[in-house]
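A.B. asks: Got a predicted structure plus its sequence, pasted below:
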Amino acid sequence: MRFQFEDRGILIENNRQPLIEVDPMFPQRWSPRAFSPEPIPEEALQILFEAARWAPSCYNEQPWLFLYASKEKEKAQFLKILVDQNQTWAKNAPVLAFLFARRNFSRNNKANLWAAFDCGAAWMSLALQARTMGLYAHGMAGYHHDMAYDLLNMSKEEYEVICAIAIGSYGDIKDIPSSVAAMEKPNDRKPLEEVAIQWKS
Ligand SMILES: Cc1cc2nc3c(=O)[nH]c(=O)nc-3n(C[C@H](O)[C@H](O)[C@H](O)COP(=O)(O)O)c2cc1C
């Protein structure tokens with residue numbers, strides 16, 4: 001399946017070829033860097049977080065916490081936490097978020113070793129919901145760890161910072177540096193037989 005798709009009049013080449021037919025929502029989710037600064041209405045943002053809320057989690061703990069910024073002053077704070085390379089493109093996104101995981105189970109205060117896994121499920125729900133609304137979510141590990149706790153006023157003891165996220169609609173590739181623009185197309189995956197193996201005794 002070689003296809004192109006149009007996003008707000010912009011033709012995006014998507015060479016992703018699923019090895020077996022799957023719901024197109026999977027290959028159509030990708031992580032662009034050319035975001036449009038066009039604001040996202042608060043109601044639309046709430047839909048994204050609502051999708052994340054329904055993710056499964058160990059003991060239904062729901063360890064995720066999304067801190068988000070869509071207002072200029074707060075967004076500038078969030079942006080400072082990102083590494084320079086991510087700042088060059090994420091500055092255009094109308095919403096920046098940080099995903100935190102509560103480290104311990106609320107039921108017994110013991111370490112929740114699955115909290116990061118559950119946050120991954122919540123993030124993916126948000127990312128897939130975003131695509132259904134013509135939006136994109138781009139996860140980022142490139143941020144200054146300690147600064148995330150300091151600037152966002154979060155307890156390191158209670159929470160683990162998992163990921164930063166840029167959210168928005170597709171913009172103009174001319175608005176990002178050429179080094180970043182070179183990566184601006186949906187990428188491929190390892191072959192299926194490398195990632196799913198029928199175990200034999
Ligand atoms: C946890 C995580 C961290 C990532 N960190 C960064 C990052 O710091 N900067 C960046 O440009 N992309 C980052 N990405 C995007 C990945 O490079 C991208 O998801 C991967 O290449 C697969 O491409 P796709 O999301 O378009 O399918 C990150 C993605 C994830 C899930």
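C.D. replies: It's in.
A.B. asks: Does the ligand have contacts with stretch 98-118?
C.D. replies: No - Stretch 98-118 lies out of reach of the ligand by C-beta under 6 Å from any ligand atom, never closer than 9.2 Å. Where you see a C-beta, it was placed from the backbone N, CA and C, and this is true even at glycine.
A.B. asks: wait, I meant stretch 161-177
C.D. replies: Yes - under the criterion of C-beta under 6 Å from any ligand atom, stretch 161-177 makes contact with the ligand via C163.
A.B. asks: Number of residues surrounding A44?
C.D. replies: If you count neighbours by other C-beta atoms under 10 Å, A44 ends up with 16.
A.B. asks: centre of the chain versus the helix or strand hosting it, how much separation?
C.D. replies: Assessed by DSSP states H and E, A44 sits inside helix 42-53. The chain centroid and the centroid of helix 42-53 are separated by 13 Å under C-alpha atoms, centre = their mean, to the nearest Å.
A.B. asks: Which is the succeeding secondary structure element to it?
C.D. replies: Following helix 42-53 in sequence, per DSSP H and E, is strand 64-69.
A.B. asks: What's the mean pLDDT across that following strand?
C.D. replies: In this model, strand 64-69 has a mean pLDDT of 98.
A.B. asks: what about that strand and the ligand, touching?
C.D. replies: No - against the ligand, strand 64-69 shows no contacts by C-beta under 6 Å from any ligand atom, the least distance being 13.7 Å.
A.B. asks: which bits of the protein sit near the ligand?
C.D. replies: Residues of the chain lying near the ligand (C-beta under 6 Å from any ligand atom): W30, S31, N86, G139, M140, A141, G142, C163, P186, N187.
A.B. asks: what bridges to H138?
C.D. replies: As for beta bridges, H138 partners with A166 under DSSP bridges.
A.B. asks: Tell me how far it lies from I197.
C.D. replies: Using C-beta to C-beta, to the nearest Å, H138 is found at 30 Å from I197.
A.B. asks: do the same with Y170
C.D. replies: 36 Å.
A.B. asks: what is the rounded mean pLDDT of the helix ranked longest in the chain?
C.D. replies: When the chain is parsed with DSSP state H, its longest helix is helix 115-132. On average, the pLDDT along helix 115-132 is 98.
A.B. asks: Please compute how far it lies from its chain's middle.
C.D. replies: Relative to its parent chain, helix 115-132 has a centroid offset of 7 Å by C-alpha atoms, centre = their mean.
A.B. asks: element containing E157, please.
C.D. replies: Using DSSP H and E, E157 falls outside every helix and strand.
A.B. asks: need the contact list for the closest residue to it other than its chain neighbours.
C.D. replies: In this structure, E157 finds its nearest non-sequential neighbour in R103, 7.5 Å apart by C-beta to C-beta, 6 or more residues apart in numbering. Counting by C-beta atoms under 8 Å, 6 or more residues apart in numbering, R103 makes contact with P63, A111, N112, A115, E157, E158, Y159, E160.
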